[in-house]
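In: I need the structure of the sequence given here:
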Amino acid sequence: MARQSSGALSKIASRVLQGAKATQREVMQLAASVLSQDETRSTRKAKKRKATKRRTTTRKAKAKKRK
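Out: Alright, predicted model coming up:
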């Protein structure tokens, strides 16, 4: 179960989302809070993309030859 943020951090996040500028200290506090709530604690693997069919014919191959 993830930890909850303190009331003060919630207020800072709310102000930032409303468009207020955050100080460097506030940015660091918010970042630390987010990282401390990460349950996996490891790098996440990228999702594999589905293979798509590539077109084998190029524009030059499709073009009609000039006389």
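In: gap between residue 47 and residue 7?
Out: Distance, residue 47 to residue 7, using C-beta to C-beta, to the nearest Å: 35 Å. Every residue, glycine included, has its C-beta placed from N, CA and C.
In: Same check on residue 27?
Out: Using C-beta to C-beta, residue 27 is found at 18 Å from residue 7.
In: So which of the two has more stuff around it?
Out: Using other C-beta atoms under 10 Å as the criterion, residue 27 and residue 7 rank with residue 27 on top: 13 against 8.
In: okay, the more buried one: pLDDT?
Out: At residue 27, the pLDDT value in this model is 91.
In: May I have the secondary structure class of it?
Out: Put simply, residue 27 is helix when judged by DSSP: H, G, I helix; E, B strand; the rest coil.
In: So that it lines up with my notes, have the first residue be 443 from now on.
Out: Sure thing, new numbering starts at 443, so read that last one as residue 469.
In: mind checking how far it is from residue 459?
Out: 13 Å.
In: Spit out the contact partners of the closest residue to residue 447 other than its chain neighbours.
Out: In space, and not counting its chain neighbours, residue 447 is closest to residue 475: 5.2 Å by C-beta to C-beta, 6 or more residues apart in numbering. By C-beta atoms under 8 Å, 6 or more residues apart in numbering, residue 475 lies in contact with 447, 448, 451.
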